[in-house]
Every structure is written in C-alpha cells, then in structure tokens.
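# Sequence and computational prediction follow.
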Amino acid sequence: MAPQLGTTFTGLRFENPFLLSSAPPTESESNIMRAFDAGWGGVVTKTIGLHPVVNVDGPKTKFLRSTPDSAHLSMQKRPGTALHSSWNWELISDKPLDWWAPRIARIKLAHPTRVLVASIMAGSGSDEELRHWQTLAKACQDEGADALELNLSCPHMDRKDMGSNIGKDTELVSVVTEVVKDVARVPVWAKLTPSTTDIVVEARGAFLGGADAVVSSNTFPSLPLIDPETLEFEMNVDGLVSPGGLGGPAILPLSLAKMAQLTQAFPDKSFSGIGGIAEFSHALNYFLLGCGTAQVCTAAMLDHAIGPNVIRNLLAGMTATMERHGWQTLEDFRGLRRDRVVTHSKIRRPDAKRYHGGYDEAEGYAAEAAGTDR
Ligand SMILES: Cc1cc2nc3c(=O)[nH]c(=O)nc-3n(C[C@H](O)[C@H](O)[C@H](O)COP(=O)(O)O)c2cc1C
C-alpha cells in the first residue's frame with residue numbers, strides 16, 4: 001500500500017503534516033488561498049491582535065548569506081551564495097480583527113478540508129487584556145478557524161506583558177492558556193519562545209493551563225552583522241537596531257535541541273516543530289523526535305512567498321522516505337529517535353571506569369593509574 005501522508009493532530013485531520021507558520025506567507029487571504037492550492041496541509045495565520053501595530057521605517061526582513069569559498073557572511077545580495085538565516089523585526093499583523101474575520105470565513109469556505117489555525121496575541125497585564133485573548137479566540141473560532149495558536153513568543157515586544165515576555169513567565173503562560181481554554185471550542189496550541197533557560201518549565205505552564213499542543217520555535221534573539229566598511233548594522237533605521245529574530249537554516253539544530261527537551265519531558269503530549277525546515281530531511285528530524293506536525297516560514301518566503309516548490313518537495317520527500325523504510329503512516333516513525341538524546345555521561349567513552357560524570361573519584365579510595373593493573 002502507498003504511504004499515507006494524512007495525519008491526526010490535536011484531534012484535527014490533516015491531509016499532510018506540513019503547515020505554513022504564522023509569518024508573511026500567511027499575512028493575507030490571497031497568500032493563504034494560494035498556499036492551500038499549492039498543497040499545504042495547514043496554515044497558521046499571521047498573528048492577529050487588538051492593539052495598534054506600526055512597523056519600523058524600512059525593510060522588516062532580510063536574509064544573511066554565506067559565500068561557499070570564504071568565511072564571508074552578509075545580507076548583501078550577491079551571486080553564488082548559500083542561505084544562512086533570515087533576520088526580522090516584523091511585528092504581528094497590522095490588519096485589525098474585523099479585517100481578518102470575514103477572510104477566515106471565506107478561506108474555510110473555499111478549503112473546508114484544510115486546517116486553518118488562527119494565531120492570536122494580546123497582553124496579560126490586566127483583566128481587560130486577558131479578555132482581549134477571549135475576544136480574539138471567540139471571533140476567530142466563530143468564523144471557522146479550526147484551532148488557535150497563542151503567540152507567546154514574538155521577540156519584538158517592548159511591552160512587558162506581551163509576546164515572548166509572556167513566554168518567559170511560566171505562570172503567565174499558564175494563565176493566558178487557561179483564559180483562552182475557558183472560551184475555546186477548538187484546540188489551543190501554545191507557541192513558546194526559545195529564549196529561556198529551560199523551555200520545559202514554560203511548556204509545563206502551558207499544559208497546566210490546558211494547551212492541546214506546544215509549538216516551538218519562534219525566531220531566536222539576534223542582531224544583524226555590522227558592515228566592516230560602513231560600520232553600520234546591515235539592517236538599521238537611522239543607524240539604530242534592536243534585537244530581532246533569527247530563522248532559517250541556522251536555527252534548525254538549535255530548535256531541534258529545544259524540541260528534544262520538550263518531547264522527552266512530555267512524551268504523551270502533542271508538538272508542532274518549526275525552525276529551519278526547507279526539505280523533508282529537515283522535517284524528519286522533528287518527526288523522529290516526536291512532533292506530529294511541522295511548520296515552515298523562511299524557506300517558503302524565498303519560494304514565491306508561499307513555498308509551492310517547498311511543499312511539493314516536502315510531500316515527495318516524505319513519500320519517498322516512507323517507501324524506503326516501509327512506513328505506512330507518520331505514526332510508524334514519530335518519536336523513533338526521541339530516546340537517543342541522553343546526558344553526556346551516558347555516552348560511551350574508551351575508558352568508562354575512569355570517568356565519573358565529571359566529578360572527582362570517590363574520596364578515600366586509591367586513584368586508578370592509567371595502564372596499571374591493581
Ligand atoms: C518576517 C517574519 C515574521 C514573523 N511573524 C510571526 C508572527 O506574526 N507570529 C508568529 O508566531 N511567528 C512569526 N514569525 C516566526 C515564524 O513563524 C517561525 O516561527 C520562525 O521564522 C522559524 O521558522 P523558519 O526557520 O522556518 O523561518 C515570523 C518570522 C519571520 C521571518
């Protein structure tokens with residue numbers, strides 16, 4: 001039998017496990033319609049909020065590229081380069097909720113079998129702000145959104161009660177998730193920031209609040225490089241820059257490390273993996289660690305804005321890989337490598353007896369000299 005790419009995640013049926021993540025590829029109705037026509041199993045809308053959004057005066061995203069035969073890294077467009085990462089300081093959608101609401105309805109009407117997830121974001125500093133989460137959640141689900149993704153991870157918020165500032169506070173993560181769950185009739189996913197010491201702590205907060213899934217990673221905090229000639233940051237406004245978010249190939253291994261922590265801590269929970277996915281071999285890492293879906297941003301932005309070739313290759317790559325290994329469904333390989341990530345002391349070394357996890361040998365016993373026979 002041919003491999004089945006369809007899967008069920010948080011109770012929702014997906015034709016395939018690949019979604020466009022919340023970002024420019026999903027900022028408009030026309031983009032989302034094109035994305036579904038191209039074959040994406042799901043789409044997470046660009047984050048919708050209730051507060052005013054005004055972006056910086058200049059480009060919001062640029063791409064850092066390396067030159068294969070040198071160590072040169074630069075955002076300057078030049079031939080013969082390879083993508084290193086995306087860098088952005090774009091805020092959430094600048095379109096209000098009443099712009100989004102009828103569009104959510106129209107998209108679902110046109111694509112009833114595809115999964116449309118509404119990404120939402122509000123503050124958390126007052127009861128009124130918490131009610132904003134409920135307003136957003138109810139409006140999106142009433143228009144037909146299949147799930148809600150809570151943006152607890154936008155790295156560009158000055159407000160202390162928003163975005164990744166919520167995601168860094170496990171209690172706030174819990175409270176916000178619970179407030180949304182109180183009104184939600186659809187699954188609620190919590191998108192956490194990778195910018196904390198131990199993401200397992202915040203994920204626990206999300207699950208305590210009732211989250212149906214945890215999503216990771218949003219972009220990693222970072223700066224653009226300084227041009228050695230002009231001494232200006234390669235992205236700046238009036239010479240000034242603020243920390244932005246790194247995405248694309250550079251964050252694949254970083255995001256996988258976060259995901260391994262998450263799936264090991266909560267092996268029975270649902271996870272959606274994001275970060276650096278451009279082809280199936282990348283997504284496979286997330287699945288083998290235990291993710292049930294995978295999301296893509298940077299690679300899609302660079303492929304006709306919504307990734308028609310990216311999704312074609314993901315689907316072809318998944319089919320070919322499953323055929324090669326004799327897998328029928330994603331469940332045949334989901335989590336197969338979750339338990340291969342262990343503490344350093346569990347890794348075999350040539351002389352295991354002489355290594356005590358980095359600690360000194362027990363006091364009061366003769367030290368074992370190398371090569372001696374006691
Ligand atoms: C320009 C840009 C805008 C983004 N906007 C949002 C957003 O509004 N909400 C959100 O949750 N994530 C946002 N993200 C983060 C992406 O959804 C994704 O988590 C991140 O880029 C990592 O995936 P990638 O390596 O495939 O790019 C944005 C990313 C970029 C590059």
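Yep, it's here. It should be emphasised that the depicted structure is a prediction, and the values quoted were computed from it without experimental measurement.
# Going by C-alpha atoms from here, please, whenever you check contacts or count neighbours.
OK.
# Can you name the residues in contact with the helix-or-strand element of the chain with minimal mean pLDDT?
In the chain, no helix or strand scores lower on mean pLDDT, DSSP states H and E than helix 164-167, which sits at a mean of 88. Contact with helix 164-167 is made by 124, 152-157, 159-160, 172-173, 192-193, 195, 202, as judged by C-alpha atoms under 8 Å, 6 or more residues apart in numbering.
# For my notes, confirm Val56 occurs in a helix.
No. Looking at Val56 with DSSP: H, G, I helix; E, B strand; the rest coil, it is coil, so not inside a helix.
# okay, now it: neighbour count?
When neighbours are defined as other C-alpha atoms under 10 Å, Val56 has 12 of them.
# Show the contacting residues for it.
Counting by C-alpha under 8 Å, 6+ apart, Val56 touches Glu90, Val237.
# State the distance from it to the ligand.
Val56 sits 12 Å away from the ligand, taking C-alpha to the nearest ligand atom, to the nearest Å as the criterion.
# Look up the pLDDT of that residue for me, please.
With respect to pLDDT, Val56 has a value of 95.
# same thing with Thr170?
Reported pLDDT for Thr170: 94.
# who's in contact with it?
Contacts of Thr170 by C-alpha under 8 Å, 6+ apart are Val201, Glu202, Ala203, Arg204, Gly205, Ala206.
# same question, Ser85
Phe63, Leu64, Arg65, Leu246, Gly247, Gly248, Pro249, Ala250, Ile251, Thr298.
# and it, what are its phi and psi?
Note on Ser85: backbone dihedrals following degrees, to the nearest 10 are phi -170, psi 170.
# just to revisit the earlier point, please compute how far the least confident helix or strand of the chain lies from its chain's middle.
15 Å (C-alpha atoms, centre = their mean, to the nearest Å).
# same check, this time on stretch 253-270
Going by C-alpha atoms, centre = their mean, where stretch 253-270 is centred and where its chain is centred differ by 12 Å.
# Quick one: residues in contact with that stretch.
Everything outside stretch 253-270 that qualifies as a contact, by C-alpha under 8 Å, 6+ apart, is 9-10, 194, 199-200, 203, 212-214, 216-217, 271, 273-275, 285-286, 289-292, 338-339, 341.
# go again using 7 Å as the cut-off
The contact list for stretch 253-270 (C-alpha atoms under 7 Å, 6 or more residues apart in numbering) reads 10, 199-200, 212-214, 216-217, 275, 286, 289-292, 338.
# Need the buried ones from those residues selected in ChimeraX.
Here is the ChimeraX selection string for the buried members of those, based on 16 or more other C-alpha atoms under 10 Å:
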select :10,199,200,212,213,214,216,217,275,286,289,290,291,292,338
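# Briefly note if the least confident helix or strand of the chain comes near the ligand.
No. In terms of C-alpha under 6 Å from any ligand atom, no part of helix 164-167 sits within range of the ligand; the closest distance is 9.9 Å.
# residues of that helix that come out buried?
Buried, per 16+ other C-alpha under 10 Å, within helix 164-167: Ser164, Asn165, Ile166, Gly167.
# any chance of those in CSV, plus distance to Tyr355?
Shown next, in CSV, are those (distance: C-alpha to C-alpha, whole Å):
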residue, distance to Tyr355
Ser164, 40
Asn165, 41
Ile166, 41
Gly167, 38
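# In strands only, show me the contacts of stretch 253-270.
Of the positions in those, Ala213, Val214, Ser216 sit in strands, assigned by DSSP state E.
# Take the least confident helix or strand of the chain, keep the C-alpha atoms, and write them as CSV.
C-alpha atoms of helix 164-167 as CSV (Å, rounded to 0.1, in the frame of the first residue of the first chain):
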residue,chain,number,x,y,z
SER,A,164,8.0,36.4,24.4
ASN,A,165,7.7,38.4,27.7
ILE,A,166,4.7,36.2,28.5
GLY,A,167,6.5,33.1,27.1
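# Just checking, which helix or strand succeeds that helix along the chain?
Helices and strands here follow DSSP states H and E; after helix 164-167, the next one along the chain is helix 170-183.
# in that next one, what counts as buried?
Buried positions in helix 170-183, judged by neighbour count with 16+ other C-alpha under 10 Å: Thr170, Glu171, Leu172, Val173, Ser174, Val175, Val176, Thr177, Glu178, Val179, Val180, Lys181.
# list the contacts for Glu279?
Contact analysis of Glu279 by C-alpha under 7 Å, 6+ apart lists Val310, Asn313, Leu314.
# pLDDT score assigned to the last one?
Here, the pLDDT recorded for Leu314 equals 98.
# Same question for Pro59.
At Pro59, pLDDT is 95.
# Quick check: residues of this structure near the ligand?
For the chain, the contact set with the ligand under C-alpha under 6 Å from any ligand atom comprises 21-24, 46-47, 61, 86, 88, 90, 92, 151, 217-219, 247-248, 274-277, 296-298.
# ok, Gly292 touching Phe271?
Yes. Under the criterion of C-alpha atoms under 7 Å, Gly292 makes contact with Phe271 at 5.9 Å.
# Would you mind stating the distance between the residue lying closest to Lys60 once chain neighbours are set aside and Tyr365?
Nearest non-adjacent residue to Lys60, counting by C-alpha to C-alpha, 6 or more residues apart in numbering: Glu90, 5.0 Å away. As judged by C-alpha to C-alpha, to the nearest Å, Glu90 and Tyr365 stand 60 Å apart.
# Kindly report the same for Leu172.
Leu172 is 50 Å from Tyr365, by C-alpha to C-alpha.
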